[in-house]
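Engineer: I'd like to go over a predicted model; first the sequence, then the structure.
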Amino acid sequence: MSEEGDGNGSGASLTFPTQCSALRKNGFVMLKGRPCKIVDMSTSKTGKHGHAKVHLVGIDIFTQKKYEDICPSTHNMDVPHVKRDDYQLTYISDDGYLTLMNDTGVIREDLKVPDSPLGVALRNDHESGKDLLYEIIKAKAGRHYLS
């Protein structure tokens, strides 16, 4: 499961700047305004205009869409604060809302079963009595997704 936070919270920044040359594969970066996991990156040599360039390829952590960008290695890029939490599914209401509980007993009831094959599988697994554990990924933006 994943959820894009709306930024209405503690007032803390949703991203932090990091020099492009310090980014690493499997890390996170904002590409085209979307939180992405870096799946490939390469650095070109310094050219006649003075800066090495970093070519980044990332996959949106919510939509799985591929994004690319090129940035001078000395420039900063925004890196999203990404938080992961595990929750156990305890109940699905008649109107499709999930009741999820984490290991400290905190309950969430604000996510709905998606209207997709994933949602059908989730309902079937729950109805058959399987113990279901979900990871919720929270990052910048403003909608909820199950993935």
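Structural biologist: Received, thanks. Residues are numbered from 1 along each chain as shown.
Engineer: and the gap between the residue nearest the centre of the chain and Ser21?
Structural biologist: Closest to where the C-alpha atoms of the chain average out (CA atoms, centre = their mean) is Ile61, at 3.9 Å. Separation of Ile61 from Ser21 (CB to CB, to the nearest Å): 22 Å. Placement of C-beta: from N, CA and C, glycine included.
Engineer: Then Thr74?
Structural biologist: Noted for Thr74: a distance of 7 Å to Ser21, by CB to CB.
Engineer: Surely His51 is in a strand?
Structural biologist: No. Per DSSP: H, G, I helix; E, B strand; the rest coil, His51 lies outside any strand segment and is coil.
Engineer: quick one: the helices in the protein?
Structural biologist: Assigned by DSSP state H, the chain shows helices spanning 117-127.
Engineer: Before we move on, what's the pLDDT of the residue lying farthest from the centre of it?
Structural biologist: Farthest-out residue of the chain from its mean C-alpha position, per CA atoms, centre = their mean: Lys48, at 37.3 Å. Here the pLDDT value assigned to Lys48 is 70.
Engineer: ditto for Asp115
Structural biologist: At Asp115, pLDDT is 90.
Engineer: Ok, Ile137 next?
Structural biologist: For Ile137, the model assigns a pLDDT of 87.
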